[in-house]
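**Student:** Next comes the sequence, and after it the predicted model I'd like to discuss.
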Amino acid sequence: MPARTVTRTQRRSQLQSPKSSQDPSSNLSSAAPITDNKLDLKPIDSDEDVDMEEEPMSVGGIVDKARQARLNSASTRKSAAGSRQYPKRKRGDISGSDEDEEPDSAEEQTSDESDDENMEEGDKEDAQSDNGSNSPAAAARRQGRHRAGAPAKSKLSSEIATTARHRISGPRNRTRGSSETQETAGNLNALFEAVKDPGTALEETAADWIQNYERKKVEALMELVNFILQCCGCDSSVTAYDIEDQDSATQTLAQIEEVFGKKTISDYPLVSRRPEFKKFRSHLLDFVGALITKGAEHDTLYSDDSFLESIQVWIAAMSSSTLRPFRYTATTIGLCILTGLCNVAADIAKATGRSTKLLEKEKRRPARGNAKVQKLQDIVDVYARNAETLENLISDLFDTIFVHRYRDIDAKIRTECIRELGKWMQTLPDVFFEGAYLRYMGWILSDANGSTRLEVVKGLTKLYKDNYFIGGLRQFTERFTSRLVEMATHDVDHSVRIAVIDLLDAIRAVGFLEQEDIDMVCGLVFDTNPRVRKAVVGFFMANIKEIVSEKLTEIGDVEEIREYLVDNEAHEIDDSSDKDGRGEENKVKRSWFTLKSIVEVLESYNPQALGNPIHVSKLESLIGGRTESRFSIAAQDLWTVAQLPSWTDIVDYALFDPSVSDDDDEDSIGYKIKNAIALTAQQEQILLEVGIGAVDAADSPQENLTDKRVKRVKGNEREERLREISETLVPLLPRLLKKFSSDPEAACNVLRYHNFINLDVYQQLRQTAAYEDVFTGICKIFASFGNSSIAREFSRAVLHAQSCAYLSEVVEPRIRDIQDDLSSTFRTSMRESQNDLATAVFDKDVLATATEVLTKLMHLSSITDTSETLDYSPRDSDISALRIVMELLERTVSPDDEEVDVLCAGVSTLRFYLMWRVKRAIDLRSNTSLHGFREKLEEVMDRFERIIRSRADLNLRHTAICATIDIMTSLNVLVKKENLDLAGIEVMISPNLQNVIMHIFSREEKAYAKSAKIRLLTGGSTSAEKVDETPVEEDGEEENIEDSDLEGLSTADVEEEEESNEGGNREAVSDEAVQTIENEIRLCEVAGKIVLAVLTGSMKQKWAKRLLQNSKAFGAGYDRVVNELRQAISASNGQKR
């Protein structure tokens, strides 16, 4: 706050200058004559004031009588204050002018006169007793008596703050009215009841209080202070003496707090949830604001220095209290008073501006307008004095309340402070919109509380969106932009992140944001939180529009460019007239520039390009394939929120061939346009994934459906949208297969387009033959590539085709052909080593072929019955594919052996094989089929158990465990629910094998705990009931490493590893991140299998406690996996009770 050029004493002398009766401002309610409203108290200094009929008394008798009169006066004031009732009027109903209101009755006036006489006698007694005393209390009372006839001298804000903070340590000897300071719960405060009542007209209540203050200052202030105490939830009250002796306000409050602190009070009006206090806070703020407004209208705010300073003394003391109800309530009221002063000051500034304009206009007129000029000059002078008074009051309150409370330990108080500061900047920018106040906003950006950070971000957003404030925010932006970008990308509170993104969008719009920061924010389209992704769409698209505009400007004149571009509507009309679509296939659409810019930006914001420590390709294989890529997820939110080109434009753009051009001139507009929209192979793949997201957005419902009729209507609309998508994709899918079938990544995306089509459309359009060609192309892609992603998407495509019954004649023959080809290829690749598969040495080509074929068979077995194909052997001399797989599982594999992948695929293939054999046995219901199945089951389960007990790679043993539990769980369910007699087949995992499984679970648990730096609970490496000692073939050296290195880390170990990792290279961090996710996936998978086994009875119930032992430490993912087990245990315990 700038230094004051006028002292408070000088300001008082200016305000007390007499005004002429011809003062033009006397007709203005906002600038009434400024006079001194002094307390009407006179000392008893002559015998004329004493009743002459009374007998003469001694000095001691006079003192006793004066003391009794003073006590009677205090009691009368208390009774009058407690019995006052503010009129209940409907809000907005004005019964008359506040200035014309008189006391309701002659009795009230008589009572007022009696109170004044009693006060005079009490004051004389004080004077007589204090003159003979040198105590500090007597000196304070003498000083207060000397000030009784005039307004109290204004205190500086620093003195008020000092008085509020430094309390007198010793208890005060309250010989006067001590009973009034104690509990007065039975006396209701009229102001409190009025504010609490929702039917009270608060503006008129405030006007009534102002009029009461002008008549009886002490009583009015006493009522207001007691009102504030009651708002704090305190039943104690202050007396008139406490109001008069303001220097002891802090000591008085200390005594009240001592009594209040002995109670256990957790609820007070401002935070109470009781129905009667539901709107108390808003009513309180309205009343305080009206009090300031009415004080300005009655001129009390300007003419009486003691009006606001008397209130400020008590509020400042309460705001520094150690009791939260006092501190929070007083701070709220103090901030509201400051807001009211800002509103009044803003009105004064507007009125000053209007009057100044009229004054300047009158000065330019002839001399006959001198009287009017003088009148307007007097009005402007009054406004100036009032504005100066308000500025001093605002400065004092800010230094007393805000400066000490904006960093309060209570987050609610900090939030209130920063919210009001934002309002003050907008209401009174000439005072508060300065660097000295903006810095508080910047500091609060680092507050520990999310609600407080959110409030300051909202306040800054309003400033940046108002052009009036832009010029003064440049320096603030330069200092705090890095913090804002950090909040947008890493804040733990998603609501704060969303608000900061909106703020940064406003900063970007005024040109204060650097391109590097823009790129960081735009990269949030890949964020894991959908709310954040949707929030950044507006920011992202604004950046895209700027890029498109730059591209078009570089090409040439806008009018010339338009001649080479085709509107989307015109293109659709041309397509309808040309069945082949070749007439317009080389025309460029306007929307393609937007799509090209989106693809380029997404490619540059790719997590791999930004140094994200995640190897996406490896993670996709870990989680079972790409169901949705990061580009399609980002595109789905972009197309959901923003108005972007339709998905058909994306497919047309993907099919566009920019190499075909009629104009080979490099300087021509047409050549530049086609060169500008040309896509690289990587960009074509991203464009296809973006198209998948756009189709998802077009197919997904945009609102939550609750009403059944709305669901039915929206369901019909969705079916209609799906039909339109299918009819559009039917002619486009063959062209997509033709263009992208040679690239495995792009072909994988094309297969996903197939799954969007409602295949019944082919029958409706009578194009079954066309679908036969499409499915043939899909099978060729599956046969051409050994990519695991292709195999997964092909499996989904086959399932989608099998869902349509009339296409079975098209699908089934080709699936059988693929099975036969894969089985034959597998047997051929192993023919040279058929005699000794358990010990043969395979070269890399044979091993790669076997891995690729078995992986395809595994995926194919998951959707179709391959049991006959695996059992088939063409000649007696050849062995079946099933027998080859069984022999391969006899091989001893070290952890680093390249054969691990082929053996894992073999284990999964046998798992699906057994499940199909179970289905066949159930369908046949014959003892012969069950007997054959039992032999196969025993042989396969024996292979699995030997792998689990071996020293083989942990991934291979993990796969064998999952396969074993899946098979046993399925058989157990069939026995219990289908009443199937399995002819003595064991459906319970042996106890020894259960111990081994839990042993490997413990190893995976510790491996994840180490990589994720999680400290396991004590005993995390042992089961709830001790695992039986079983002969497990473990490498001794490896086991020692596991026991020593995979223990849960201590806090010191975690900090040490974090410090060491900071200096490591990015590749090491990437490998560590991938290993952590891989360990978590394996742990959750095996835990889920064990949960199913326990629930179905395939494993013992005792393992449930072991699975739940570290569920909270492992995070939400693992906790959701074992949650079903927790619920089952709770239900079982409830039944027992």
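**Tutor:** All right, it came through fine. Numbers count the residues shown, from 1 in each chain.

**Student:** Now do residue 453 against residue 433, distance only.
**Tutor:** 21 Å (Cβ to Cβ, to the nearest Å). For every residue, glycine as well, the C-beta is placed using N, CA and C.

**Student:** now the strands for this structure?
**Tutor:** 565-566, 588-589 (DSSP state E).

**Student:** low-confidence ranges in the stretch 101-250 of the chain?
**Tutor:** For the stretch 101-250 of the chain, residues meeting the criterion pLDDT under 70 lie at 101-188.

**Student:** related to what we said a few turns ago, so for residue 453 and residue 433, which sits in the more crowded spot?
**Tutor:** The neighbour comparison of residue 453 against residue 433 (other Cβ atoms under 10 Å) goes to residue 453, with 24 against 17.

**Student:** Could you measure from that one over to residue 534?
**Tutor:** 21 Å.

**Student:** So for stretch 775-788, what gets flagged as buried?
**Tutor:** Buried residues in stretch 775-788, defined by neighbour count with 16 or more other Cβ atoms under 10 Å: 775, 777, 778, 779, 781, 782, 783, 785, 786, 787, 788.

**Student:** Could you list the low-pLDDT ranges of the stretch 651-800 of the chain?
**Tutor:** Short version for the stretch 651-800 of the chain, where the test is pLDDT under 70: 660-665, 701-715.

**Student:** same thing with the stretch 901-1050 of the chain?
**Tutor:** 924-929, 977-984, 1018-1050.

**Student:** mind running it again at 50?
**Tutor:** 1019-1050 (pLDDT under 50).

**Student:** ranges for the helices of it?
**Tutor:** Remark: helices assigned in the stretch 901-1050 of the chain by DSSP state H, counting those that start in this stretch are 927-949, 954-977, 991-1011, 1036-1045.

**Student:** what packs against the third one?
**Tutor:** Okay, so that is helix 991-1011. helix 927-949, helix 954-977, helix 1036-1045, helix 1066-1096, helix 1103-1108 (3 or more Cβ pairs under 8 Å, 6 or more residues apart in numbering; DSSP states H and E).

**Student:** what about residue 951, neighbour count?
**Tutor:** So residue 951, with other Cβ under 10 Å, has 17 neighbours.

**Student:** same question, residue 197
**Tutor:** 14.

**Student:** separation between it and residue 768?
**Tutor:** Residue 197 is 78 Å from residue 768, by Cβ to Cβ.

**Student:** What average pLDDT does the longest helix along the chain get?
**Tutor:** Counting residues, the longest helix found in the chain (DSSP state H) is helix 324-363. Helix 324-363 shows a mean pLDDT of 92.

**Student:** how about that helix: buried residues?
**Tutor:** Buried, per 16+ other Cβ under 10 Å, within helix 324-363: 324-346, 348, 351-352, 355-356, 358-359, 362.

**Student:** if we can go back for a sec, need the max-distance pair from the buried residues of stretch 775-788.
**Tutor:** 775 and 788 (21.1 Å; Cβ to Cβ).

**Student:** From residue 694, how far off is residue 854?
**Tutor:** 37 Å.

**Student:** next one: residue 676
**Tutor:** 22 Å.

**Student:** ok, the two, which is more surrounded?
**Tutor:** A direct count of neighbours by other Cβ under 10 Å for residue 676 and residue 694 places residue 694 higher, at 25 against 16.

**Student:** Counting neighbours, what do you get for the closest residue to residue 424 other than its chain neighbours?
**Tutor:** Nearest residue to residue 424, sequence neighbours excluded (Cβ to Cβ, 6 or more residues apart in numbering): residue 432, at 4.5 Å. Neighbourhood size, residue 432 [other Cβ under 10 Å]: 21.

**Student:** Could you do the one 5 residues further on as well?
**Tutor:** Using other Cβ under 10 Å as the criterion, residue 437 is surrounded by 16 other residues.

**Student:** what's near enough to touch it?
**Tutor:** 421, 424, 425 (Cβ atoms under 8 Å, 6 or more residues apart in numbering).

**Student:** Would you reformat the residues you listed as a markdown table and include pLDDT?
**Tutor:** As requested, the contacts of residue 437 are exported to a markdown table (pLDDT from 0 to 100):
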| residue | pLDDT |
| --- | --- |
| 421 | 95 |
| 424 | 95 |
| 425 | 95 |
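
**Student:** Dump those to CSV, plus neighbour count and distance to residue 1072.
**Tutor:** Formatted as CSV, those follow (neighbours: other Cβ atoms under 10 Å; distance: Cβ to Cβ, whole Å):
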residue, neighbour count, distance to residue 1072
421, 24, 44
424, 25, 50
425, 24, 47
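
**Student:** what's the closest of those residues to residue 383?
**Tutor:** residue 424 (20.3 Å).

**Student:** my guess is that closest one contacts residue 341, does it?
**Tutor:** No - assessed by Cβ atoms under 8 Å, residue 424 is found out of contact with residue 341, at 9.3 Å.

**Student:** who's in contact with residue 859?
**Tutor:** Taking Cβ under 8 Å, 6+ apart as the test, what residue 859 contacts is 791, 792, 794, 795.

**Student:** tally of neighbours for residue 396?
**Tutor:** Counted with other Cβ under 10 Å, residue 396 comes out at 25.

**Student:** any idea how far it is from residue 313?
**Tutor:** Where residue 313 is concerned, residue 396 sits at a distance of 11 Å (Cβ to Cβ).

**Student:** cool, residue 439 as well?
**Tutor:** 28 Å.

**Student:** Pick out whichever of the two has more residues nearby.
**Tutor:** residue 313 (25 against 13).

**Student:** What's the per-residue pLDDT of that one here?
**Tutor:** 92.

**Student:** Just to check, it is in contact with residue 249?
**Tutor:** Yes - at 5.0 Å, residue 313 counts as touching residue 249 under the criterion of Cβ under 8 Å.

**Student:** show me what contacts the residue nearest to residue 424?
**Tutor:** 342, 421, 424, 425.

**Student:** try residue 726
**Tutor:** So residue 726 contacts 756, 757, 758, 759, 761 (Cβ under 8 Å, 6+ apart).

**Student:** Let's see that with 6 Å instead.
**Tutor:** 757, 758, 761 (Cβ atoms under 6 Å, 6 or more residues apart in numbering).

**Student:** Format the buried residues of stretch 775-788 as TSV; extra columns: distance to residue 744.
**Tutor:** Formatted as TSV, the buried residues of stretch 775-788 follow (distance: Cβ to Cβ, whole Å):
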residue	distance to residue 744
775	19
777	14
778	13
779	15
781	8
782	11
783	12
785	5
786	9
787	5
788	10
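
**Student:** Which of those fall within helices?
**Tutor:** Those of the buried residues of stretch 775-788 lying in helices (DSSP H): 775, 777, 778, 779, 781, 782, 783, 788.

**Student:** excluding its backbone neighbours, what's nearest the fifth one?
**Tutor:** The reference is to residue 781. Closest to residue 781 by Cβ to Cβ, 6+ apart is residue 747, at 4.9 Å.

**Student:** Go through stretch 734-753 and flag the buried ones.
**Tutor:** Buried residues in stretch 734-753, counting neighbours by 16+ other Cβ under 10 Å, are found at 736-737, 739-741, 745-753.

**Student:** Any chance of CSV for the residues you listed, columns distance to residue 891?
**Tutor:** Output for the buried residues of stretch 734-753, formatted as CSV (distance: Cβ to Cβ, whole Å):
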residue, distance to residue 891
736, 43
737, 40
739, 43
740, 39
741, 37
745, 33
746, 37
747, 34
748, 32
749, 37
750, 38
751, 34
752, 37
753, 41
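
**Student:** sorry, back to before: how about the helices and strands packed on helix 991-1011, which one is nearest residue 295?
**Tutor:** helix 1066-1096 (63.4 Å).

**Student:** What mean pLDDT does the closest one get?
**Tutor:** On average, helix 1066-1096 scores 81.

**Student:** Mind giving me the packing neighbours of that helix?
**Tutor:** Counting contacts by 3 or more Cβ pairs under 6 Å, 6 or more residues apart in numbering; DSSP states H and E, helix 1066-1096 packs against helix 616-622, helix 954-977, helix 991-1011, helix 1103-1108, helix 1116-1136.

**Student:** If anything else comes up later, I'll come back, but that's it for now.
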